[in-house]
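Q: Give me a 3D structure for the following:
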Amino acid sequence: MLIVDRERLLENVVSIARHDELYFNQSSPEISDAEYDALVRETEVLLEELRSVSPRDELVYQAQEVLESVGAFPEFGTKVEHPSVMGSLAKATEASQIVQWIKGVECDVRWMLKMDGLAIRIVYDGGNLVLAATRGNGSVGQDVTGNIQAIDSIPNKIAYNGHLEMRGEVILHKSTFGKLRDQGENFTNPRNAASGSVMQKDATVTGSRGLGFRCYWVEIEDELETLDAMRDFVRSNFRRVQWVEMDTVDERTEDWITEHVIEPLTEKRPSLDFCIDGIVFLANSVEVYHDMGWTGKCPNAGIAYKFPPEQKESRVVGIRWQTGRTGKETPVADIEPTYIDGSTVRHITLHNYANVLELDLQIGDTVLFEKAGDIIPQVVRVTDRQGRPEGQAPAPESINYPHECPSCGAATELTENGVNVMCRNLLCPAQLARSVEHYLETLEVKGLGPGTVATLLSEGMVRGIPDLYTLEEKRLASLEGWGARSAEMVVGAVMAKRKLLLWQFVAALGIPGVGPTTSKAIAKRFQTLGNIREASQDDLEKVEGVGGITSRAVVTGLRTMQDMLTRVLEHVTVEDVKEATGPLAGMSFCLTGKMPSCRARKEIEAEIETAGGEVKKSVGKGLTYLVQANPMSESGKSKKAKSLGTQIISEEALMDMMD
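A: Sure, this is the predicted structure:
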């Protein structure tokens, strides 16, 4: 029987979502692109393993949602829904992978530089720049029109008077980046500087940063049929906007691609005045591009070759442990300061306890490490073990994990598979930020993203979830960068969430493995918060989708949070579950595809539940209706519904039923 590392998958899902937020919304990534890609690949494997043994597990849906998101949902500003997904590209690290991809492309192929900047969609209408938005999570971005209009290299007016959409990357040249650093700007790298500049509240600051723009896609009313045609159009109609460097793939062989594309550009990369992190290969036909379709968030008509990171050696002088936001105890190697790829590295994360054992690492060893994108590196292997033979057991004092959490002192636990060391204390100070953020996210409290939470924690205004309900407008307004209006909005947003549904409250507590679907099942079974708090592990395991790990997490978590729950319940009312009433009572629904109304799925699902119906994330026995956007769809859900005899209806039919 396949043993699934569910704990590791959950940890990875949380990590990916957090790193997306740091990279796309806060321009402050903590790991390299290579580390992130490796994390995604591992998560994809773990997800498939879990799906094969438990396809209806709540974690399957959570992981799928995070993996299919291109970036992160924008926290602030006006949201913009993209008419078509601003996707990502499948990754390749070998020429053979590119050749394999090319075999499935029935047209000419072009290569272009993969710019390392901020992806932007720009819309012109009647010759005027009318909209600019960040990529966001691929479907919804942030409106940054005013800031983009302030960039000299992007014209506000063009000669073409039709409707035009242009996609590309806002970049900061290396030479400009150096000048800004000399002037005291504290940016870690050009990409972060470009992103941070575009997100400025003051557009004049954005305009003063000397940002550039490289275009890689254009759509107009008079359809451009090839990438070549798009490039020629940009060169003819824009004086300052540059098309990304592009050329033809003449031969579809590993030798030719290596010799004529990968090696020359790898050699040329350090001398460029802008950052690139790879090479994009695309079908040179818009028709083929659309015909080839998508796999998840990636168009099948493109692939990206990623440059290998630079590598250096250094000696490990110490190993210490840090408690993460999910309770994971992460080992960190302190190394002799080593300059690599633009900065000096002194610390390297070792990820988990199992990785330290696998590396066979001891204090005093020399390690080879790599670094990409001027961010924190990772160990590749140990190159000098101080003369001891490889495979000799490491000295316990070098790598023994902490049996007490360094942050709160609670007893730690080694996971069953021996991979991670965990602090299970949900009130651990190191986990506080994440628990508060999760609570706010689950209840959809607007205006309190990670940045605001960090401020509230650093100012000592919030030491736990209950403190959210005692925030004072006057004190908030006195903080630097705040004002009476913003303080009023934050307090108002929190106070608007004082009457909560039972499943919302349970899901918001951040108990591992208990997301919306599982919390709804638990709420339906026990009906009151009191009943849930009194439930045993055996009671909980009778709920569909709740196994031994989750049931133990619920019992332990609620016991640990007793005092915190008492304080929160002084401010909020948790509604008991009542017998469903309404036109959809007794029926269950699963939605698939983007609905014709273009409304957010959460909005439609909320209406179903208000009308007494139950929302399910997958097609299975007992499902009453599959609500399908496209009546002609032959998706996996559609085929499964037909095989089970589940009725398939349209969004319009659903609305009629609710009316």
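Q: Please count neighbours and contacts with C-alpha atoms only from this point.
A: Will do.
Q: Now do the same for Gly530: its pLDDT.
A: The predicted structure scores Gly530 at 92 on the pLDDT scale.
Q: what's the distance between it and Gly196?
A: Distance, Gly530 to Gly196, using Cα to Cα, to the nearest Å: 46 Å.
Q: more crowded one of those two?
A: Looking at Gly530 and Gly196 with other Cα atoms under 10 Å, you find the greater number of neighbours at Gly196, namely 18 against 10.
Q: So that one: helix, strand or coil?
A: helix (DSSP: H, G, I helix; E, B strand; the rest coil).
Q: what's the distance between it and Gly146?
A: Shown here: Gly196 relative to Gly146, a distance of 15 Å by Cα to Cα.
Q: now Leu67
A: 31 Å.
Q: cool, and Ile511?
A: For Ile511, the distance to Gly146 equals 41 Å [Cα to Cα].
Q: can you tell me which residues contact the closest residue to Arg567 other than its chain neighbours?
A: Of all residues beyond its chain neighbours, the one nearest Arg567 is Pro466 (5.9 Å), with distances taken as Cα to Cα, 6 or more residues apart in numbering. Under the criterion of Cα atoms under 8 Å, 6 or more residues apart in numbering, the contact list for Pro466 reads 564, 567-568, 571.
Q: for this structure, longest helix please?
A: The helix that spans the most residues within the chain, counting by DSSP state H, is helix 33-53.
Q: immediately after that one, which helix or strand?
A: With elements assigned by DSSP states H and E, the helix or strand that comes after helix 33-53 is helix 58-68.
Q: relative to helix 33-53, how tilted is that next one?
A: Angular relation of helix 58-68 and helix 33-53 on a 0 to 180 degree scale: 140 degrees, by axes from the mean of the first three to the mean of the last three Cα atoms, to 10 degrees.
Q: now for the helix or strand following helix 58-68, which elements pack on it?
A: Once the chain leaves helix 58-68, the next helix or strand it forms, by DSSP H and E, is strand 79-81. Using 3 or more Cα pairs under 8 Å, 6 or more residues apart in numbering; DSSP states H and E as the contact criterion, the elements in contact with strand 79-81 are strand 140-142.
Q: Direction included, what does the strand it packs on pair against?
A: Here strand 140-142 has these sheet partners by DSSP bridges: strand 79-81 (antiparallel).
Q: List the buried residues in the next helix or strand after the strand it pairs with.
A: Beyond strand 79-81 in the direction of the C-terminus, DSSP H and E gives the next helix or strand as strand 90-92. Buried positions in strand 90-92, judged by neighbour count with 16 or more other Cα atoms under 10 Å: 90-92.
Q: Name the residues that touch strand 90-92?
A: The contact list for strand 90-92, computed with Cα under 8 Å, 6+ apart, reads 98, 298-299, 302-306.
Q: average pLDDT across it?
A: Mean per-residue pLDDT for strand 90-92: 89.
Q: following it, which helix or strand shows up next?
A: Stepping forward along the backbone from strand 90-92, the first helix or strand reached (DSSP H and E) is helix 95-102.
Q: Next, the buried residues of that next one.
A: By neighbour count on 16+ other Cα under 10 Å, the buried set for helix 95-102 is 95, 98, 101-102.
Q: and it, how far from the chain's centre?
A: Helix 95-102 sits 27 Å away from the centroid of its parent chain (Cα atoms, centre = their mean, to the nearest Å).
Q: Buried residues, the longest helix of the chain. List them.
A: With burial defined by 16+ other Cα under 10 Å, the residues of helix 33-53 counted as buried are 33-36, 40, 43-44, 46-47, 49-51.
Q: wait, Pro596 sits on Ser650?
A: No - counting by Cα atoms under 8 Å, no contact exists between Pro596 and Ser650, whose distance comes to 9.2 Å.
Q: neighbour count winner among these two?
A: It is Ser650, of Pro596 and Ser650, that has more neighbours when counted by other Cα under 10 Å, with 18 against 12.
Q: quick one, what contacts Arg167?
A: Contact analysis of Arg167 by Cα under 8 Å, 6+ apart lists 119-122, 215-218.
Q: now Val543
A: Taking Cα under 8 Å, 6+ apart as the contact definition, Val543 lies against 521-522, 525.
Q: Helices of the stretch 451-600 of the chain, start to end?
A: With DSSP state H, counting those that start in this stretch as the definition, the stretch 451-600 of the chain shows helices at residue ranges 473-477, 484-495, 502-508, 516-526, 529-534, 537-541, 548-560, 562-568.
Q: is it possible to export those helices to TSV including distance to Gln142?
A: Listed next are those as TSV, based on distance: least, Cα to Cα, whole Å:
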stretch	distance to Gln142
helix 473-477	25
helix 484-495	19
helix 502-508	26
helix 516-526	26
helix 529-534	38
helix 537-541	41
helix 548-560	36
helix 562-568	33
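Q: which of the ones you listed is buried the deepest?
A: helix 502-508 (a mean of 23; mean count of other Cα atoms under 10 Å).
Q: From the rest of the structure, what touches that one?
A: Contacts made with helix 502-508 from outside it, assessed by Cα under 8 Å, 6+ apart, are listed as 438-443, 514-516, 519-520, 522-523, 527-529, 574-577.
Q: quick one, strands of the stretch 251-400 of the chain?
A: For the stretch 251-400 of the chain, the strands defined by DSSP state E, counting those that start in this stretch cover 276-283, 294-295, 298-299, 302-306, 310-323, 328-340, 343-349, 366-371, 378-384.
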